[in-house]
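> Return atomic coordinates for the entry below.
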Amino acid sequence: MKFADFVIAETLESARAELKRLGPSGMPVAGGTCFQYLSDRPDITAVDISRIGLRGIRHEGNDFHIGANTTLTDMVRYQAEGWVLGEIATLIPTHQIRNISTAAGNIARLFPWSELPLGLLVLDGTVTVQNDHTRSLSAREFFAARAAKSLEPGDLITRITVNAVTPPTGFGYRKENVTNSAFALVSAAAALTIRDGTITRARVAVGSALPVPTPLPALEQALEGAPADAASFSKPVAEAAAEVRWKGREGMSDEYAARIAPIIISDALEEALRRAQGDEA
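Prediction:
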């Protein structure tokens, strides 16, 4: 990708106005870590939005509101009861990337290895987009529409909201990678709510061995109403995984991805189950 020009915006309004003026040739930039993977894009004008604010995390009621320019390192360092996105952020390589990659950037440019979207998909996340009017989209709507293609010139993500995770709900996240600094080969996130020994609500999403992070609604439906026991996972996980067309990357075959995916999903579910039952180990 080549830059035709570089514009530094000082306010949200000026950033939006510049992006609207530039149309398809303009692109908002905060951390800019995606550029090396967008070599097929024509020359663009980068609109730097790193100075317009939108940084920080606010805990309000049962929700966490994350400013668009909040870095992954900010998310790792943030501490509050029920906050779990930091657990995903800390596993995104590398330390240098975490220091500059932002929450909005991580979800706006979807790649197979994108990990933060998995958290939004299982934590009932919402994405707030500002243009002439403010609109909020559920994470499932947002990612189904392939965000980078659905956002219009002048649209800017301003905030991400996710649920806090407290008993009787538990969260789990697992990934398989070659080295600590490598992108995930297979990843899965899960959130389970347990009441009276029964799974009353399930949210599961997978990524890395797929074109984009993807929820598994059939598996969610199969788990809801099942006993809160790891033995309940085996059959529905196997059946759901068999319906997915897994794609191997970085030397991993499609067949190997298909074999390892059910293990990663089950591990994420088991972690969510333990934590829902009060075991943080």
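> State which helix of this protein is the longest.
helix 254-276 (DSSP state H).
> Now it: buried residues?
Of the residues in helix 254-276, 257-258, 260-262, 264-276 count as buried by neighbour count, 16 or more other C-beta atoms under 10 Å. Any C-beta I mention is one placed from the backbone N, CA and C, and that applies to glycine too.
> what about Q96, how many neighbours?
11 (other C-beta atoms under 10 Å).
> If you could redo that for A145, that was the one I meant.
Look at A145: counted by other C-beta under 10 Å, it has 12 neighbours.
> From S138, how far out is it?
Distance, A145 to S138, using C-beta to C-beta, to the nearest Å: 11 Å.
> Tell me how the protein divides into domains.
Domain ranges of the chain: 3-48, 58-163, 169-276, per automatic domain parsing.
> first vs last residue of the first one, how far apart are they?
Here the two ends of domain 3-48 are set 12 Å apart, with distance taken as C-alpha to C-alpha, to the nearest Å.
> Equivalent analysis for the last one, please.
In terms of C-alpha to C-alpha, the two terminal residues of domain 169-276 are separated by 5 Å.
> how about the helices in the chain?
In the chain, the helices defined using DSSP H lie at 12-22, 72-77, 85-89, 95-100, 103-108, 116-122, 139-144, 147-150, 217-223, 234-242, 254-276.
> Dump those into a markdown table; add mean pLDDT and distance to E176 as well.
Shown next, in a markdown table, are the helices of the chain (pLDDT from 0 to 100; distance: least, C-beta to C-beta, whole Å):
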| stretch | mean pLDDT | distance to E176 |
| --- | --- | --- |
| helix 12-22 | 94 | 37 |
| helix 72-77 | 96 | 20 |
| helix 85-89 | 96 | 14 |
| helix 95-100 | 88 | 19 |
| helix 103-108 | 91 | 20 |
| helix 116-122 | 96 | 13 |
| helix 139-144 | 92 | 21 |
| helix 147-150 | 65 | 25 |
| helix 217-223 | 98 | 18 |
| helix 234-242 | 97 | 14 |
| helix 254-276 | 96 | 6 |
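> could you dump those to CSV with distance to F171?
Formatted as CSV, the helices of the chain follow (distance: least, C-beta to C-beta, whole Å):
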stretch, distance to F171
helix 12-22, 32
helix 72-77, 14
helix 85-89, 8
helix 95-100, 20
helix 103-108, 18
helix 116-122, 7
helix 139-144, 15
helix 147-150, 23
helix 217-223, 14
helix 234-242, 17
helix 254-276, 6
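> Among these, which comes closest to P168?
Nearest to P168 among these is helix 254-276; the distance by C-beta to C-beta comes to 5.6 Å.
> For the closest one, name the packing helices and strands.
Helix 254-276 is packed against strand 169-176, strand 186-195, strand 198-207, helix 234-242, with contacts defined by 3 or more C-beta pairs under 8 Å, 6 or more residues apart in numbering; DSSP states H and E.
> what's near enough to touch the closest residue to A222 other than its chain neighbours?
Nearest residue to A222, sequence neighbours excluded (C-beta to C-beta, 6 or more residues apart in numbering): P236, at 3.7 Å. Each residue near P236 by C-beta atoms under 8 Å, 6 or more residues apart in numbering is listed here: L219, A222, L223, A226.
> rerun at 10 Å
A202, V204, L216, A218, L219, E220, Q221, A222, L223, A226, I265, L269 (C-beta atoms under 10 Å, 6 or more residues apart in numbering).
> and what of I92?
I92 sits next to 72, 75-76, 98, 101, 106, 113-116, 175, 183-184 when contact means C-beta under 10 Å, 6+ apart.
> can you list the residues that contact stretch 127-138?
Outside stretch 127-138, the residues touching it (C-beta under 10 Å, 6+ apart) are 12-13, 15-16, 19-20, 54, 65, 68, 103-104, 107-108, 117, 120-121, 124-126, 139, 141-145, 147, 150-161.
> Using ChimeraX, define a selection of the buried residues within those.
Typed into ChimeraX, the next command selects the buried ones out of the contacts of stretch 127-138 (criterion: 16+ other C-beta under 10 Å):
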select :12,15,16,19,54,65,68,103,104,107,108,117,120,121,124,125,126,139,142,143,147,151,153,154,155,156,157,158,159,160,161
